[in-house]
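Trainee: below are the sequence and a predicted model for it; my questions follow.
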Amino acid sequence: MNILSLNCRGGGRPETVREISDLVRLQRPSLVFLSETKMSDKKAQDLRWKFGFSNAFGVKSVGLSGGLCLYWNNDSRVSLKSFSNSHIDVLIQNDELGDVEWRFTGFYGNPVRSRRKLSWDLLKFLRKEYNNPWICAGDFNEVLYGTEQIGGNERQEWKMEGFRDAIEECKLEDLGFYGVPYTWDNKQQGNKNVKVRLDRALGDDKFQECFDNTIVNHLQCCESDHCALLISVRQSDWIDVALTEKPFRFENAWTRHERYNQTVEEVWRDDGNNLQEVYDALGCVRQRLKRWSVSEFGSVKKQLKTLRGRLEVEIKAVTAVKIPQLHPNSWAIDIIDSSKVDPRDAAVILCGGWAVWSERNARKHGESSRTISESVKWTADIASDLAISGCVVTRPAKVKSKWQLPAPGTLKVNVDAGFSSDWQVILDCRGLK
């Protein structure tokens, strides 16, 4: 099933209608979400016939800005749940994707930066509404990282952090993309050109488990200054989407637990005579390990998040360094870019990475390890030592003194390293012996 999402920047123009019609004909989406239609809801809905759809729901624009519309065919059963000037939220069932009912939210972030927080509050509110597998796509009018923009004024970190925090709280993840890296272009030349990735698709854990073969493509458009998102929703090859149970994943950390062998031996049956009995025995082990993992380890993700928070607090308390939010694909380059990270902070962070690697090896080989506080202090000390060793210390040049005659009224005695009085020479101010 394909979904097409586009900020069309005015859907009533004949050129735009033709371009969208061509996209629909070539990509054959079952669902189309348009933002910034800049028209009434009725007029936007009437365009369904030109686009080749049977159903539509529109949200009227406010004056000459905004406006949303969702189009779909009868091969998808779509149930409208909520809408506003910034979103359309629906539940979907599609025969191509089985019986699972999942959720699509077409989203449009507030274009006014001072009101962007309202968009993130809306996103958090929508998270609490339903528990279905969820995909949220559209023009968010914000980036996650500074590297998602080229040209123009530098993005303010606190505004990007607001977007990141909202996504984290909603338990959404960027689904990635294929194609050009930026989805909006101001189409100006030279130094005035600005490109930004404003459009994206986000999915939660359940959506990615059910549809982990989903692909997002950026399609360049002529009439809009935005790229269209073509989201190809595809079932997972290894999980029945009708099941709500999370897939089983074996964790290597289990094998290091003192009770791992005992747990497996208690449930494993080695009297299997055929593959079916072996398969059943493995199923019993899988279920037992899942229950055992919850009781012994709890939520690993929550523990990691808690430990990460403690580590950042310790680092900031000891070193006054705040760990920057860097893009996962370019952090190794960004960390040594002095325009993004202070060199002294970068030294502490890199030494911290070295400390983590050392701790990992120490734990793996059963050696004594440090506490979080000790590790942070050790990291800070190493970074400080490296900073000092990297400084160029300048010392005043030595001035060689030349031999001179004694001042008037005085005598100078030269012994010339002699060891007896016979080698002494006495001179006056005229140089006479």
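Mentor: Yep, it's here. Residues are numbered from 1 along each chain as shown.

Trainee: give the contact list for the closest residue to residue 52 other than its chain neighbours.
Mentor: Computed as C-beta to C-beta, 6 or more residues apart in numbering, the closest residue to residue 52 that is not its neighbour in sequence is residue 24, at 5.9 Å. Using the backbone N, CA and C atoms, a C-beta is placed for each residue, glycine as well. Going by C-beta atoms under 8 Å, 6 or more residues apart in numbering, residue 24 touches 4, 32, 51-52.

Trainee: mind checking the SS state of residue 24?
Mentor: helix (DSSP: H, G, I helix; E, B strand; the rest coil).

Trainee: before we move on, what about the one 5 residues further on?
Mentor: Taking three-state DSSP as the rule, one finds residue 29 in the coil state.

Trainee: so where do the helices sit in the stretch 101-250 of the chain?
Mentor: Along the stretch 101-250 of the chain, counting by DSSP state H, counting those that start in this stretch, helices occupy 116-127, 157-169, 205-210.

Trainee: now those helices in CSV, with mean neighbour count, mean pLDDT and distance to residue 337?
Mentor: Listed next are the helices of the stretch 101-250 of the chain as CSV, based on neighbours: other C-beta atoms under 10 Å; pLDDT from 0 to 100; distance: least, C-beta to C-beta, whole Å:
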stretch, mean neighbour count, mean pLDDT, distance to residue 337
helix 116-127, 18, 93, 26
helix 157-169, 15, 90, 14
helix 205-210, 20, 90, 31
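
Trainee: so which of those is nearest residue 353?
Mentor: Of all the helices of the stretch 101-250 of the chain, it is helix 157-169 that lies closest to residue 353, at 21.1 Å by C-beta to C-beta.

Trainee: could you give the angle of the closest one to helix 116-127?
Mentor: Calculated by axes from the mean of the first three to the mean of the last three C-alpha atoms, to 10 degrees, helix 157-169 forms an angle of 0 degrees with helix 116-127.

Trainee: oh, and call the first residue 23 from now on, that's how I've got it
Mentor: In the new count, where the first residue is 23, that last one comes out as helix 179-191.

Trainee: okay, domains of the chain per the record?
Mentor: Listed by automatic domain parsing, the domain ranges of the chain are 24-254, 274-318, 322-411, 426-455.

Trainee: surely residue 92 is in a strand?
Mentor: Yes: counting by three-state DSSP, residue 92 is located in a strand.

Trainee: returning to that earlier point: what two of the contacts of residue 46 are the furthest from one another?
Mentor: Spatial extent of the contacts of residue 46 (C-beta to C-beta) is set by the pair 26 and 74 at 12.0 Å.

Trainee: ok, these two, which is more surrounded?
Mentor: Applying other C-beta atoms under 10 Å to residue 26 and residue 74 shows that residue 26 carries more neighbours, namely 23 against 13.

Trainee: quick one, strands of the stretch 223-372 of the chain?
Mentor: Ranges of strands in the stretch 223-372 of the chain, per DSSP state E, counting those that start in this stretch, are 237-241, 250-254.

Trainee: ok, now the stretch 23-172 of the chain?
Mentor: Here the stretch 23-172 of the chain has its strands, by DSSP E, counting those that start in this stretch, at 24-29, 53-57, 77-81, 90-94, 98-106, 109-116, 124-130, 156-161, 171-172.

Trainee: just checking, what packs against the third one?
Mentor: The one in question is strand 77-81. If contacts are counted by 3 or more C-beta pairs under 8 Å, 6 or more residues apart in numbering; DSSP states H and E, strand 77-81 sits against helix 63-68, strand 90-94, strand 98-106.

Trainee: and the average pLDDT for the second one is what?
Mentor: Over the span of strand 90-94, the pLDDT mean works out to 95.

Trainee: the last one now?
Mentor: Strand 98-106 shows a mean pLDDT of 93 in the predicted model.

Trainee: that one: which residues count as buried?
Mentor: 98, 100, 105 (16 or more other C-beta atoms under 10 Å).

Trainee: ok, the first one to residue 155 distance?
Mentor: So that's residue 98. When distance is defined by C-beta to C-beta, to the nearest Å, residue 98 is 15 Å away from residue 155.

Trainee: for the last one, same thing?
Mentor: According to C-beta to C-beta, residue 105 and residue 155 sit 20 Å apart.

Trainee: for residue 119, same thing?
Mentor: Distance, residue 119 to residue 155, by C-beta to C-beta: 10 Å.

Trainee: likewise for residue 81?
Mentor: According to C-beta to C-beta, residue 81 and residue 155 sit 24 Å apart.

Trainee: correct me if wrong: residue 239 contacts residue 252.
Mentor: Yes: using C-beta atoms under 8 Å, residue 239 is in contact with residue 252, at 4.4 Å.

Trainee: ok, the two, which is more surrounded?
Mentor: Between residue 239 and residue 252, counting by other C-beta under 10 Å, residue 252 is the more crowded of the two (23 against 16).

Trainee: hey, what's that one bridged with?
Mentor: residue 26, residue 239 (DSSP bridges).

Trainee: so for it, what's the pLDDT?
Mentor: With respect to pLDDT, residue 252 scores 96.

Trainee: repeat that for residue 437.
Mentor: For residue 437, the pLDDT comes out at 64.

Trainee: that older thread, with distance to residue 319 and pLDDT added, can I get the contacts of residue 46 in JSON lines?
Mentor: Formatted as JSON lines, those follow (distance: C-beta to C-beta, whole Å; pLDDT from 0 to 100):
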{"residue": "26", "distance to residue 319": "42", "pLDDT": "96"}
{"residue": "54", "distance to residue 319": "44", "pLDDT": "96"}
{"residue": "73", "distance to residue 319": "51", "pLDDT": "92"}
{"residue": "74", "distance to residue 319": "52", "pLDDT": "90"}
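
Trainee: circling back: now distance to residue 314 too, for the buried residues of strand 98-106, in TSV please.
Mentor: Converted to TSV, these look like this (distance: C-beta to C-beta, whole Å):
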residue	distance to residue 314
98	41
100	42
105	45
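
Trainee: tell me which of these is nearest to residue 194?
Mentor: For the buried residues of strand 98-106, the nearest to residue 194 is residue 105 (19.5 Å; C-beta to C-beta).

Trainee: hang on, isn't the closest one packed against residue 90?
Mentor: Yes: using C-beta under 8 Å, residue 105 is in contact with residue 90, at 7.4 Å.

Trainee: any residues in contact with both of these two?
Mentor: Common contacts of residue 105 and residue 90, defined by C-beta under 8 Å, 6+ apart, comprise residue 81.
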